[in-house]
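Asker: After the sequence you'll find the predicted model.
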Amino acid sequence: NLSQSSAVLITSGTFPPLALRKVAILLMLTLSLAIFFVLVIIHNKTINFRWVVAGFSDIFPIFETIMRVIIQRVSEASVRIIDLEKGRIGKGLLILLGIEENDHPEDVEWLCGKIGRLRIFNDQDGIMNLSVKDIDGDILVISQFTLHASTRKGNRPSYIRAARPETAIPLYNQFLEQLGTGLGKPVQSGEFGAMMQVSLVNDGPVTIFIDSKLKE
């Protein structure tokens, strides 16, 4: 009967292969979790949930949540949609913005603050010591879902992490508004989801990549 079969199974030292795999996976995940938390506590003394998510994303990419920007210092930049010029700036910043499905308003706030304070323009001594606001520069923002491309498998990038319009558009609009508030004037932009042609003259060249993963 069932109880006798179970007893024989246990005493014989055998174990169903599927069940054994499940137990092994569970033990590995539990051990990884324990080790990770110990390392975080040792290094940071306290645990911040964002650090936990960031750390796990290196092992399990599904946990990753990042808002990404590429910032280019430009002497001029413009964006066209079909034959219509949608935005144009002179000296300032061209920003490519990639929004991920699990991004939050806090990511927008941090990135806008960081961009506004970023000192990448030359002062009178030729040293990068001035922000875009210090030089009364302009900003052009272009939505760029391909910043979340994954090339881990195959040769065709996957964009599954990029936010859907219902998630991305409110964050995109918040980004534009908050960046403009910090700059003291409206920022120029493309159109979310549109096919655009972007032209720029990178001054330097100066190109900086920032994400909200670790707020660094």
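Answerer: Received, thanks. Bear in mind the structure is a predicted one, so any value in this text is a computation, not a measurement. Residues are numbered from 1 along each chain as shown.
Asker: Any chance you could list what contacts stretch 188-199?
Answerer: If you take C-beta atoms under 8 Å, 6 or more residues apart in numbering as the criterion, stretch 188-199 is touched by 77-81, 86-89, 94, 138-143, 165, 168-169, 172, 176. Using the backbone N, CA and C atoms, a C-beta is placed for each residue, glycine as well.
Asker: first to last residue in that stretch, what's the distance?
Answerer: Using C-alpha to C-alpha, to the nearest Å, the end-to-end distance of stretch 188-199 comes to 14 Å.
Asker: buried subset of the contacts of stretch 188-199?
Answerer: Applying 16 or more other C-beta atoms under 10 Å to those, the neighbour count classes 77-79, 86-87, 89, 94, 138-143, 168, 172, 176 as buried.
Asker: Inside strands: which ones of the residues you listed?
Answerer: 77-79, 86-87, 89, 94, 138-143 (DSSP state E).
Asker: any low-confidence regions in this protein?
Answerer: Counting by pLDDT under 70, the chain has low-confidence residues at 1-19, 40-65, 214-216.
Asker: coming back round to it: tell me the two of the ones in strands among the buried ones among the contacts of stretch 188-199 that are most distant?
Answerer: D138 and S143 (17.7 Å; C-beta to C-beta).
Asker: Please, where are all the strands along the protein?
Answerer: Going by DSSP E, the chain shows strands at 68-81, 84-89, 92-98, 121-122, 128-130, 138-143, 188-189, 197-211.
Asker: among those strands, which is nearest T181?
Answerer: strand 138-143 (11.8 Å).
Asker: which strands and helices sit next to the longest helix along the chain?
Answerer: In the chain, taking DSSP state H as the definition, the longest helix is helix 17-44. Contacts defined by 3 or more C-beta pairs under 8 Å, 6 or more residues apart in numbering; DSSP states H and E place helix 17-44 against helix 49-59.
Asker: returning to that earlier point: looking at the strands of the chain, which is closest to G154?
Answerer: The nearest among the strands of the chain, by C-beta to C-beta, is strand 92-98 at 20.6 Å.
Asker: which residues are contacting the closest one?
Answerer: 67-74, 77, 115, 132, 135, 137-148, 162, 172, 175, 179, 198, 200.
Asker: Drop the exposed ones from those and show what's left.
Answerer: By 16+ other C-beta under 10 Å, the contacts of strand 92-98 give 67-74, 77, 115, 132, 137-145, 147-148, 162, 172, 175, 179, 198, 200 as buried.
Asker: Distance check, the residue nearest to P165 when sequence neighbours are not counted against F145.
Answerer: Excluding the flanking residues, the one nearest P165 by C-beta to C-beta, 6 or more residues apart in numbering is G193, at 6.4 Å. From G193 over to F145 the distance is 8 Å, taken as C-beta to C-beta, to the nearest Å.
Asker: returning to what we had before: Serialize the ones in strands among the buried ones among the contacts of stretch 188-199 to a markdown table and add fields for distance to F37.
Answerer: Output for those, formatted as a markdown table (distance: C-beta to C-beta, whole Å):
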| residue | distance to F37 |
| --- | --- |
| A77 | 45 |
| S78 | 49 |
| V79 | 45 |
| K86 | 48 |
| G87 | 46 |
| I89 | 46 |
| L94 | 41 |
| D138 | 45 |
| I139 | 40 |
| L140 | 43 |
| V141 | 38 |
| I142 | 39 |
| S143 | 36 |
